[in-house]
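Peer 1: Sequence unavailable; structure follows:
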C-alpha cells in the first residue's frame, strides 16, 4: 500500500518555555512523512518549497522512502515560514509571523506516478486546494483524511463544506470541532460534523488525548503523561502521519484497525514533542516505537468483572 | 468490609448553563455515601448538619446501608451552605456564597461502633480535622484516602503536609496538584506529591479523565464523552465514593484493583453529572452501573500487535 501526503514543507521559528530555535524545518507534510514512513513506503509527497529548503532534508526523506516528485521547487522564492511562541500550558500558542512565500502560489499537481494510491492525507491547506487534489485522483482513494483549521472556517466556509462532503475522515482539534459546529459538547459537535459528510471523525485534544467517532461508536486514546512537553509543534501532523501510516501499512480501514492507528499516532506524537521540530522523529527506531506502544497499552489496560 | 466517610452534608444552590436550583442536598460525604453504598455496606458517615437537614434524606441514606451515628445534628444552627455558578466549559465555576454555619464547629468524634473499619475516606476538610479523625482510629485502617483543596494550601499548609504523611492516597484535581507542588507537569507534580507521603495519587482532570500514580506505575481512565454535562457538582466526590466503595467491597488494595476502582468511580461520576445534585445517583440500578462500566471498557479497549 502507499500513501499520498499533501501539505506544507516549511521553516519554523519556535519559542517554548524550554528554549527557542530561529529556523528549523517544519510543515505539516514534513511531519506526516517522518511519522508515516516508519510504517509504509512509499510516502508520496505533494508540497511546494523555495530555493532555501535544505537538500539534505530532501535526501533524508528519500532515504526513508518518501517520494518527492510531487514537491515543486520554486527557484526564485522562499519557503513558507511560520513563527510562534508557546505558553506554559503548551495548549495555547501565539503566531508571531506567517510568511506565505511560495505557499501563495501553491497549485498542486498530482504526478502520474502517484495515481492509484489508496490512502490520501490532505494536510491543513485552503479547501480549494484540497478539492483540487481529490479531483485529480483518477481512481478514488480507499480512504481520504483531511485536516483543517479555524482560518478556513472564517474565510472559506463554503469551500470547506464542499471538501467535507468528499472526504472519509476529518481530523481536527477540540476548538476547531466546536468552531465548525457551534456546539460546545464534543459529542454533539461530532454528530454535526458527521452529518456534514465525513463518516469518521478524530478530535485531537492535545495532552488530553484523542477521540475517534464513527456512527454510534466512540474510542478514546490518551496522550502519554510526559514529564516535559518540550515543543508541541507538529504533534498533530505527526499523529496524523502515524495514524494513516498504520492504516496504509495494513490496508485495513475497519473501526477496530482505526483504534490501533490512533494508538500508533499517539505514540508517534509523544516522541515528536520531546525535542524541537522533527528532531526526535529522525532519531527513533522501530524498537523505540514498539516500547512506546506497549506503554500506551499499559496506561489504559484494565480487567474488570461486572458487579 | 466497611468504609468510614468523613465530610460535609450540606445544602447547595447551583446555577449551570442548563438551569438552576436554589436548594438541593449536597456535601462531599453525601456524594461519597450515595456512590459507595452501591458497593459496600455499611458506609459509616461522619459529618455535621443543622436543624434544617431533611429527615427524608437521612432515611434514604439509612435504607442504602449508610450509618449516621457519626453525624452530629446541631439543633440551633443551619447546615453548611454553598452556592456556585458554572460557565459553559463546566471546568470552571464561581463560588457565590459559602456559609459555614455548623461546619465552623465541626469537631468529629469517631463512634466506637465505627472502630476497626478498614477503609477511611477523608473528604475535603481542614487538615486538622482530618488528622483528628486518623488519630481517633484505634487500629490504623488498611487504606486512608484524602481529598483537599487550594484553600487549605493557602491557609494551613503545615497541617496539610502533616496529614499527607499519614495517608496512603491523595486525590486532587490537576490545578490542586500543580498548586501543591509548584510543578506544571503533572508527572513531576505526582513525583513531588508522593515524596510528601502518599504512596498513591489520583489526579482528577474532570472531563479529561483521571490519572493514578504509584511508584513508577501510571494508569489513565477517561471520562465518558457525554452529550451534556448538566451539573458537575459532586462529580469528584462521587468518583471518590465509587473508587473507595469498590476497594472496600473487594478488600483488595493492589494497583490492578485500584485501576478497576477508578473505572467504577468514573462510571459513577458520569451518572452524577446527568442531573442536579445527587438526583441521578438515587435513581440508578446495579444494571445501569454494569452497562456504564461496559461502556468504559468499550471506550478504551484495543488490541494491537507490535510493528
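Peer 2: Structure received. Because the structure is a prediction, the values reported are computed rather than measured.
Peer 1: If we ignore the residues flanking it in sequence, what's nearest residue A:238?
Peer 2: Closest residue to residue A:238 apart from its sequence neighbours, by C-beta to C-beta, 6 or more residues apart in numbering or on different chains: residue A:272 at 4.1 Å. To be clear about C-beta, it is placed using only N, CA and C from the backbone, and glycine gets the same treatment.
Peer 1: Same check on residue A:233?
Peer 2: residue A:14 (5.4 Å).
Peer 1: repeat for residue A:96
Peer 2: Using C-beta to C-beta, 6+ apart, the closest residue to residue A:96 is residue A:83 (4.4 Å).
Peer 1: The one you found: which element?
Peer 2: strand A:80-86 (DSSP states H and E).
Peer 1: So in that sheet, which strands flank the next helix or strand after that strand, and in what orientation?
Peer 2: Next helix or strand after strand A:80-86 toward the C-terminus (DSSP H and E): strand A:93-99. When sheet partners are counted by DSSP bridges, strand A:93-99 sits next to strand A:80-86 (antiparallel).
Peer 1: What residues sit buried inside the helix or strand of chain A with the lowest mean pLDDT?
Peer 2: Every helix and strand of chain A was ranked by mean pLDDT, DSSP states H and E. The lowest is strand A:93-99, at a mean of 93. Buried residues in strand A:93-99, counting neighbours by 16 or more other C-beta atoms under 10 Å in any protein chain shown, are found at residue A:93.
Peer 1: gap between the helix or strand following that strand and the chain center?
Peer 2: The first helix or strand that comes after strand A:93-99 along the chain, using DSSP H and E, is strand A:119-122. In terms of C-alpha atoms, centre = their mean, to the nearest Å, the centre of strand A:119-122 is set 10 Å apart from its chain centre.
Peer 1: What of stretch A:15-28?
Peer 2: That offset, for stretch A:15-28, works out to 18 Å (C-alpha atoms, centre = their mean).
Peer 1: ditto for stretch A:120-135
Peer 2: The answer for stretch A:120-135 is 13 Å, by C-alpha atoms, centre = their mean.
Peer 1: Please list the residues outside it that contact it.
Peer 2: A:3-8, A:28-29, A:32, A:36, A:46, A:106-108, A:110, A:137, A:141, A:143-149, A:152, A:156, A:159-160, A:162-163, A:166-167, A:237, A:240-241, A:244 (C-beta atoms under 8 Å, 6 or more residues apart in numbering or on different chains).
Peer 1: Relative to chain B, how far out is the spatially closest residue to residue A:100 that is not a sequence neighbour?
Peer 2: For residue A:100, ignoring the flanking residues on the chain, the nearest one in space by C-beta to C-beta, 6+ apart is residue A:80 at 6.2 Å. Distance of residue A:80 to chain B, computed by C-beta to the nearest C-beta, to the nearest Å: 31 Å.
Peer 1: any idea how far residue A:80 is from residue B:36?
Peer 2: 57 Å (C-beta to C-beta, to the nearest Å).
Peer 1: between the two, which one's more packed in?
Peer 2: Shown here are residue A:80 and residue B:36; by other C-beta atoms under 10 Å in any protein chain shown, residue B:36 has more neighbours (33 against 25).
Peer 1: Mind pulling up the pLDDT for that one?
Peer 2: The model reports residue B:36 with a pLDDT of 98.
Peer 1: How about residue A:74?
Peer 2: pLDDT, residue A:74: 97.
Peer 1: I figured it hits residue A:103, correct?
Peer 2: No - counting by C-beta atoms under 8 Å, residue A:74 stays clear of residue A:103, with 10.0 Å between them.
Peer 1: who touches both of those two?
Peer 2: With C-beta under 8 Å, 6+ apart as the test, residue A:74 and residue A:103 both reach residue A:48.
Peer 1: Looking at these two now, which is surrounded by more residues?
Peer 2: residue A:103 (25 against 17).
Peer 1: For stretch A:155-171, give the mean pLDDT please.
Peer 2: So the average pLDDT for stretch A:155-171 ends up being 98.
Peer 1: For chain A, which segments count as strands?
Peer 2: A:3-6, A:10-16, A:19-26, A:43-49, A:66-73, A:80-86, A:93-99, A:119-122, A:143-147, A:169-173, A:200-204, A:210-214, A:217-221 (DSSP state E).
Peer 1: Output the contacting helices and strands for the first one.
Peer 2: Secondary-structure packing of strand A:3-6 (3 or more C-beta pairs under 8 Å, 6 or more residues apart in numbering or on different chains; DSSP states H and E): helix A:28-36, strand A:43-49, strand A:119-122, helix A:127-136, helix A:235-250.
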